[in-house]
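Q: need a 3D model of the sequence below.
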Amino acid sequence: MKKLAILALFGALFTSAFAAEAQTKGKHMNALPTQAEVTAALKTVVADKNGGFGLQMWATLVDRDGVVTSVSFSGQDRGDQWPGSRVISAQKANTANAFSLPGLALSTANLFTATQPGGSLFGLQHSNPVDTVVAYSGDSEKIGTVNDPMVGKKIGGVNVFGGGLALYAKDGTLLGALGVSGDASCADHNIAWKLRATLGLATIPGGISPEGDDNIVNDITNGTSASGWGHPECTPASADIAKAFAKTHPITKK
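A: Residues are numbered from 1 along each chain as shown. A predicted model of the protein is given here:
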């Protein structure tokens with residue numbers, strides 16, 4: 001009888017712990033837009049001019065714990081986007097979440113110069129590696145759907161070029177981040193910026209750009225960034241689009 005009682009107690013504790021974990025994950029998932037909402041917004045943004053090649057895109061969202069909450073693509077099929085960009089989009093989302101705070105938003109584009117040889121954050125891109133099991137396991141038919149194999153798992157990874165932005169609720173609460181990939185890195189940043197604005201998650205506390213936000217900083221001349229947080233300019237068109245965000249896709253500062 002004692003053994004049965006002990007087994008019953010362990011069973012109850014396990015069930016309770018499992019239920020609590022599921023509830024916590026549910027809260028994480030519900031705090032951010034659904035996969036359908038992200039997909040619809042992404043398709044709209046990709047149809048706009050973004051200063052790149054006009055390619056189809058991947059978008060991944062993670063919550064504040066780095067758990068993937070959704071994976072979307074803008075094309076008709078998962079093969080319409082660069083297959084390698086699915087994991088890169090998740091890596092960008094993880095990076096923007098991992099290095100943003102309730103009081104400071106950092107985009108992946110902001111990290112480029114500082115992580116180059118001799119930079120103050122050199123080597124950062126080799127920390128927190130992608131979990132390859134999470135990245136590449138699961139049914140390929142589910143990739144980019146609501147049941148993408150990465151959903152509900154921590155992807156990890158650090159990426160230091162444009163396309164990753166932290167997500168802040170209207171009250172300024174840091175919810176997680178998004179990452180997009182599939183075009184030139186500057187176009188990726190522009191698409192991410194528009195996508196965040198479209199989703200209504202752009203109430204940021206401030207950043208390191210000259211405008212005090214987390215926009216891309218195109219201030220590299222002869223290989224040197226004036227601010228120390230610069231990103232290479234991909235095309236004049238992409239730079240002009242980013243410069244115009246204050247009017248076209250403004251953020252709200254907390």
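
Q: when you work out contacts or count neighbours from here on, use the C-alpha atoms and nothing else.
A: OK.

Q: so residue 69, which of the three states?
A: Following DSSP: H, G, I helix; E, B strand; the rest coil, the label given to residue 69 is strand.

Q: from residue 115, how far off is it?
A: Distance, residue 69 to residue 115, using CA to CA, to the nearest Å: 28 Å.

Q: neighbour count: those two, which is higher?
A: residue 69 (29 against 19; other CA atoms under 10 Å).

Q: pretty sure the more buried one contacts residue 62?
A: Yes - counting by CA atoms under 8 Å, residue 69 touches residue 62, with 5.3 Å between them.

Q: those helices in the stretch 151-254 of the chain, which residues are they?
A: With helices called from DSSP state H, counting those that start in this stretch, the stretch 151-254 of the chain shows them at 185-198, 236-243, 245-248.

Q: can you dump the C-alpha coordinates of the last one into PDB?
A: As requested, the backbone C-alpha atoms of helix 245-248 are provided in PDB (Å, rounded to 0.1, in the frame of the first residue of the first chain):
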ATOM      1  CA  PHE A 245      10.700  54.900 -41.400                       C
ATOM      2  CA  ALA A 246      10.100  57.800 -39.100                       C
ATOM      3  CA  LYS A 247       7.300  58.900 -41.500                       C
ATOM      4  CA  THR A 248       6.300  55.700 -43.200                       C
END
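
Q: and that helix, average pLDDT?
A: Averaged across helix 245-248, pLDDT comes to 95.

Q: so what does it touch, helix or strand wise?
A: With contacts defined as 3 or more CA pairs under 8 Å, 6 or more residues apart in numbering; DSSP states H and E, helix 245-248 has no helix or strand neighbours.

Q: again, only using 10 Å
A: Here helix 245-248 touches helix 185-198, going by 3 or more CA pairs under 10 Å, 6 or more residues apart in numbering; DSSP states H and E.

Q: the biggest strand by length in the chain: partners in the sheet, and parallel or antiparallel?
A: Ranked by number of residues, the top strand in the chain under DSSP state E is strand 174-181. For strand 174-181, the paired strands and their directions (DSSP bridges) read strand 58-63 (antiparallel), strand 164-168 (antiparallel).

Q: appreciated, that's everything.
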